[in-house]
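>>> Need coordinates for the following:
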Amino acid sequence: MMSVLTRLLDLLFPPRESATLVAGATINDLHRRYAPGTYVVDGARIMYLLPYRDPLVRACVVEAKFHGNTRAQGLLGRMLEDYAGTTDAVLVPIPLSARRLRARGYNQVEEIAKARCAGRVDTTVLQRTRDTRAQTAAQEREERLRNLTGAFSATVDPAKRYLVVDDVATTGATLSDAHRALREAGAKYIELLAIAH
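Numbering: from 1, shown residues only. I've put the predicted structure just below:
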């Protein structure tokens, strides 16, 4: 009876394509897409793990970010865990603005990090001091960089290593400004990681 009801509901209210992709995905599917790389923005070296252009990777990011999909958060969290296992750094998720956090109800980067690495996550290190437009609204690279300039402040222990994490990076403006804030606060050991690029 349940499968008939499920099929009827799916017919009347088709699931999102991204939700369907995530529902059928395994961690091995993401491991097969693992394609790490780096790029530099304003002197800050950014590491990334997965290609955002891949439909499954994009589906995981979209589901984790906009739909609070715990399966997607867990899959991306596992990729983060695999990378973070190579370092003893404190994981610092990029914070959302207070307005965006209220509207969404959660910070997807924090949820991704806590899905598999909860004991290493510190959400007090980096603070968003200025509400900015969503980076997706800024089209040009220079506009994205200007949009984030001075958006963060930090409180650090200079002896600790920090791994600043974002779910997806395009120009790297967000991670670059977070790097600036941690450096100005006195952090000496900073790594920047975008799960997807």
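>>> tell me the contacts of the closest residue in space to Thr129 that isn't next to it in sequence?
Nearest residue to Thr129 in three dimensions, chain neighbours excluded: Ser153, at 4.9 Å (C-beta to C-beta, 6 or more residues apart in numbering). Placement of C-beta: from N, CA and C, glycine included. Applying C-beta atoms under 8 Å, 6 or more residues apart in numbering to Ser153 gives the contacts 126-127, 129, 181, 185.
>>> what's the farthest-apart pair in these?
Greatest spacing in the contacts of Ser153, by C-beta to C-beta: Thr129 and Ala185 (12.0 Å).
>>> quick one: which of those two has more around it?
Ala185 (17 against 13; other C-beta atoms under 10 Å).
>>> beta partners for the nearest residue to that one once chain neighbours are set aside?
Once flanking residues are discounted, Ala185 sits nearest to Ala154: 4.0 Å by C-beta to C-beta, 6+ apart. For Ala154, the beta-bridge partners are Leu126 (DSSP bridges).
>>> Check pLDDT for the contacts of Ser153 and point me to the minimum.
By pLDDT, Thr129 ranks lowest within those, coming in at 91.
>>> count of residues packed around Ala159?
Per other C-beta under 10 Å, the neighbour tally for Ala159 reads 9.
>>> I meant Val22, not that one.
By other C-beta under 10 Å, 26 other residues sit near Val22.
>>> On the three-state scheme, it is what?
Under DSSP: H, G, I helix; E, B strand; the rest coil, Val22 falls in the helix class.
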